[in-house]
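1. Make a model of this:
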Amino acid sequence: MSDVTIYALCEPDTGEVRYIGRSANPTRRLHAHVSQARQVTHRAPSAQWVRGLLAVGVGPSLRVLEIVNVDDAIMAEERAIARHRSMRCELVNAVTDGRGRLSQPGMALLDHLLTINMPLTVRDRLVAAAQADRRKVGELARVLLEDGLAAWERAHQNQGKQDGEQ
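-> Okay, here's the model as predicted:
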């Protein structure tokens with residue numbers, strides 16, 4: 001029997017866990033994550049996150065969480081994902097486990113959905129603004145969307161009042 005490594009990909013500056021996976025060779029898998037991220041057509045949340053790091057000249061750091069027997073790998077990965085989600089880590093995992101089940105929409109998936117279809121020039125501006133404001137891209141996008149929606153609602157409420165007065 002061979003061993004499998006349960007690993008985390010982390011923010012390079014803070015060490016915050018953003019992705020959890022399993023591999024017999026985690027270093028090779030890290031290189032595969034980076035390679036996939038360089039393919040602009042690859043739309044997985046993890047690829048989008050890594051692509052954002054690469055755009056500012058850094059890459060994810062690798063942390064070994066656990067080494068398990070191959071027979072226990074799927075369950076160990078599921079436990080690690082659940083544990084980190086319970087600690088409110090904003091994971092970019094697209095699935096909850098190695099069996100292809102979709103995760104519940106969470107903050108990381110929302111970050112992905114907010115930014116995935118943006119034109120690259122808009123996303124680059126958002127990344128730069130997030131860095132200047134020391135926030136995550138998805139967090140800043142949510143704030144901007146909430147502010148924009150609130151302004152739109154105020155404008156339409158005022159318009160409705162004006163229409164009623166006429």
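2. so residue 5 sits in a strand?
-> Yes - assessed by DSSP: H, G, I helix; E, B strand; the rest coil, residue 5 belongs to a strand.
3. Read off the pLDDT value for it.
-> pLDDT recorded at residue 5 is 97.
4. One more: residue 25?
-> 95.
5. What backbone torsions are found at it?
-> phi -140, psi 90 (degrees, to the nearest 10).
6. any idea how far it lies from residue 31?
-> 9 Å (CB to CB, to the nearest Å). In this view, the C-beta of every residue, glycine as well, is placed from N, C-alpha and C.
7. Tell me, how many residues neighbour residue 55?
-> Neighbours of residue 55 under the rule other CB atoms under 10 Å: 14.
8. shouldn't it be in contact with residue 128?
-> No - at 9.7 Å, residue 55 does not count as touching residue 128 under the criterion of CB atoms under 8 Å.
9. Contact partners for residue 17?
-> 8-10, 63, 84, 89, 91 (CB atoms under 8 Å, 6 or more residues apart in numbering).
10. Enumerate the beta-bridge partners assigned to the nearest residue to it once chain neighbours are set aside.
-> Spatial nearest neighbour of residue 17, excluding adjacent residues (CB to CB, 6 or more residues apart in numbering): residue 8 at 4.4 Å. When assigned by DSSP bridges, residue 8 has beta-bridge partners residue 20, residue 63.
11. Thought residue 46 was touching residue 8, still the case?
-> No - using CB under 8 Å, residue 8 is not in contact with residue 46, being 11.6 Å away.
12. Need the overlap of contacts for those two.
-> In contact with both residue 8 and residue 46: 18-19, using CB under 8 Å, 6+ apart.
13. Can you name every helix or strand that the lengthiest helix in the chain contacts?
-> Looking across the chain with DSSP state H, the single longest helix is helix 137-165. With contacts taken as 3 or more CB pairs under 8 Å, 6 or more residues apart in numbering; DSSP states H and E, helix 137-165 sits against helix 107-115, helix 120-132.
14. now it against helix 120-132, angle please.
-> 110 degrees (axes from the mean of the first three to the mean of the last three CA atoms, to 10 degrees).
15. How far does helix 137-165 sit from its chain's centre?
-> 27 Å (CA atoms, centre = their mean, to the nearest Å).
16. Give the rounded mean pLDDT of that helix.
-> Rounded mean pLDDT across helix 137-165 is 75.
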